[in-house]
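J.: Fold the stuff below for me.
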Amino acid sequence: EQARDLIQAFKDGKDVGVPNAELWKAKALCDSALHPDTGEEVARPWRFSAFGPVNVPIAAMLLFPSTNPLFVLGSQFINQTYNVLVNYNNRNASSHMSLQTLATAYGAAVTASGGIAIGLGKYVCWEYISCFCMYVCVCKYD
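T.: Predicted structure coming up:
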């Protein structure tokens, strides 16, 4: 909040009485933590800066060779859920999207990625190839 107040005071033309380095640091913090359209703080796990580190365990789970359909569907569900949360929290807020449209797109992504993962896993029987099948689903729907 201090950084946001500092930047807002600077934009209003007030004398903020801080060095330029501190002002730039506050701007960088606001740019990385606040939604550009709404000005609201984006939760840390849903920021784009967290996308890589959070996706490492998710990608490992997606690439884990498993013939258990519940594990495969569960991992695709977790991946698509995380993707929709990141994309929703970083959306263009000036362009409205209905909840029904969002839910339809989410359902289609989960169904398609799960179906492809299960389908490829079923028809490609070799254990060492199933990792490739999961990789195809990750690349296709991420």
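J.: what's the neighbour count on the nearest residue to residue 79 once chain neighbours are set aside?
T.: Counting by Cβ to Cβ, 6 or more residues apart in numbering, residue 58 is the residue found nearest to residue 79 once chain neighbours are left out, at 5.3 Å. (Glycine included, C-beta is placed from N, CA and C.) Neighbour count of residue 58, defined by other Cβ atoms under 10 Å: 17.
J.: ok, and residue 58, which helix or strand is that part of?
T.: helix 48-63 (DSSP states H and E).
J.: what's the offset of that helix from the middle of its chain?
T.: 9 Å (Cα atoms, centre = their mean, to the nearest Å).
J.: same question, stretch 17-28
T.: 29 Å.
J.: follow-up on the earlier one: mind giving me the packing neighbours of the helix holding residue 58?
T.: helix 69-89, helix 127-141 (3 or more Cβ pairs under 8 Å, 6 or more residues apart in numbering; DSSP states H and E).
J.: what is the mean pLDDT for it?
T.: Across helix 48-63, pLDDT averages out at 89.
J.: confidence score at the closest residue to residue 27 other than its chain neighbours?
T.: Computed as Cβ to Cβ, 6+ apart, the closest residue to residue 27 that is not its neighbour in sequence is residue 7, at 5.9 Å. pLDDT recorded at residue 7 is 73.
J.: what sits up against the helix or strand that contains residue 7?
T.: Per DSSP H and E, residue 7 falls inside helix 2-11. Residues outside helix 2-11 that contact it (Cβ atoms under 8 Å, 6 or more residues apart in numbering): 16, 18, 22, 23, 25, 26, 27, 29, 30, 34, 39.
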